[in-house]
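Coordinates for the following, if possible.
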Amino acid sequence: MHHKIEVHDLSFNYPDGRQALRSVTLCVEPGEKIALVGPNGAGKSTLLLHLNGILRGVGSVCVAGMDLNEGNLGKIRAAVGLVFQNPDDQLFSPTVLDDVAFGPLNMGLPEATVRIKTEAALAAVGMADYINRNSHHLSIGEKKRIAIATVLSMDPEILVLDEPTAGLDPRARRNLITLLRQLDMTMLVSTHDMRMVAELFDRTAIMEDGRIVAVGATEDLLADQQLLDQHGLEMV
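You can find the predicted model right below:
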């Protein structure tokens, strides 16, 4: 399997004319976990939304060995598990079971298979006991885990997360970091959580004003105080 993300010379303008991405090139190797950091408005979320075709810019996007185009859109959305910053954007069913089963059911899988995949996805995020709970009554940390389970149930090759630790209390944050460490997948994670970056990611890409301005070994980037100051990044 080609568990790889390749973005080359990608630019994107919003309908109001604002340029959100400017010739972005980034490669995430199979099995690699990369952090994407930078100030609000840098283009991080916009870039992530290109990885499964929600947004379409000018340039090339190749994920899991497939060029992003109309013909491949369904396959790419199955291969790239995108988890939004706000889990309420991802959870809309009456129960956790319905939410996590939604993707595999939509893929046309038989119900027995869907049940197995749903239970496995919930077990993977440590939420097996929540299968019959109502998603709306969970804490934000629990919802974030369920949101990840909704994409894991589709057996994605690549996991893309937008601000996974935002809004979490310290215990929920710690649990989520442990979960991400255990998931053996290609991962691109946009975050402001610089301590998580230092702890979890071998490589980091810094975005500013729609461009990738630096990419390299996390420990090298985080040791460069001038670089961090220049892009408004600080270890909290």
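
contacts and neighbour counts: CA atoms only from here.
OK.

A20 reaches G210, doesn't it?
Yes - the criterion here is CA atoms under 8 Å, and A20 meets it with G210 at 5.1 Å.

who touches both of these two?
41-43 (CA atoms under 8 Å, 6 or more residues apart in numbering).

from the residues you listed, which would you call buried?
Restricting the shared contacts of A20 and G210 to buried positions leaves 42-43, with burial counted as 16 or more other CA atoms under 10 Å.

How far off centre is stretch 123-136?
For stretch 123-136, the distance between its averaged C-alpha position and the chain's averaged C-alpha position is 20 Å (CA atoms, centre = their mean, to the nearest Å).

Any buried residues in it, and which?
Taking 16+ other CA under 10 Å as the criterion, stretch 123-136 shows 124-128, 130-131, 135 as buried.

ends of that stretch, how far apart?
Distances were taken as CA to CA, to the nearest Å; on that basis the terminal residues of stretch 123-136 are 20 Å apart.

again, but for stretch 180-187
Its first and final residues considered, stretch 180-187 spans 9 Å by CA to CA.

how about that stretch: buried residues?
Buried residues in stretch 180-187, defined by neighbour count with 16+ other CA under 10 Å: 180, 185-187.

Show me the shaky parts of the chain.
Segments of the chain classed as low confidence (criterion: pLDDT under 70) are 1-2, 236.

And the helices in it?
According to DSSP state H, the chain carries its helices in the segments 44-50, 73-79, 96-106, 111-124, 140-152, 170-182, 194-200, 218-223, 225-230.

which other residues reach the fifth one?
For helix 140-152, contacts defined as CA under 8 Å, 6+ apart pick out 81-83, 86-88, 90-91, 96, 99-103, 118, 121-122, 124-125, 127, 135, 164, 167-169, 172-173, 176.

one more time with 7 Å, if that's ok
Residues lying outside helix 140-152 but in contact with it, judged by CA atoms under 7 Å, 6 or more residues apart in numbering, are 81-83, 87, 90-91, 99-100, 103, 121-122, 125, 135, 168, 172.

Tell me what angle that helix forms with helix 170-182.
Orientation check (axes from the mean of the first three to the mean of the last three CA atoms, to 10 degrees): helix 140-152 against helix 170-182 gives 20 degrees.

want to throw the buried residues of stretch 123-136 into CSV with distance to G65?
Formatted as CSV, those follow (distance: CA to CA, whole Å):
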residue, distance to G65
A124, 25
V125, 27
G126, 30
M127, 31
A128, 32
Y130, 35
I131, 33
S135, 34
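
what's the closest of the residues you listed to M196?
M196 has its nearest neighbour among the buried residues of stretch 123-136 in V125, at 17.9 Å by CA to CA.

ok, the closest residue to that closest one other than its chain neighbours to L180 distance?
Of all residues not flanking V125 in the chain, R145 sits nearest, at 5.9 Å (CA to CA, 6 or more residues apart in numbering). Counting by CA to CA, the separation of R145 from L180 is 10 Å.

do A42 as well
Note on A42: its distance to L180, by CA to CA, is 24 Å.

And R203, by the same measure?
15 Å.

Kindly report the same for L168.
Distance of L168 to L180, computed by CA to CA: 15 Å.

Contact partners for D169?
Listed by CA under 7 Å, 6+ apart, the contact set of D169 is empty.

one more time with 10 Å, if that's ok
Contact analysis of D169 by CA atoms under 10 Å, 6 or more residues apart in numbering lists 140-141.
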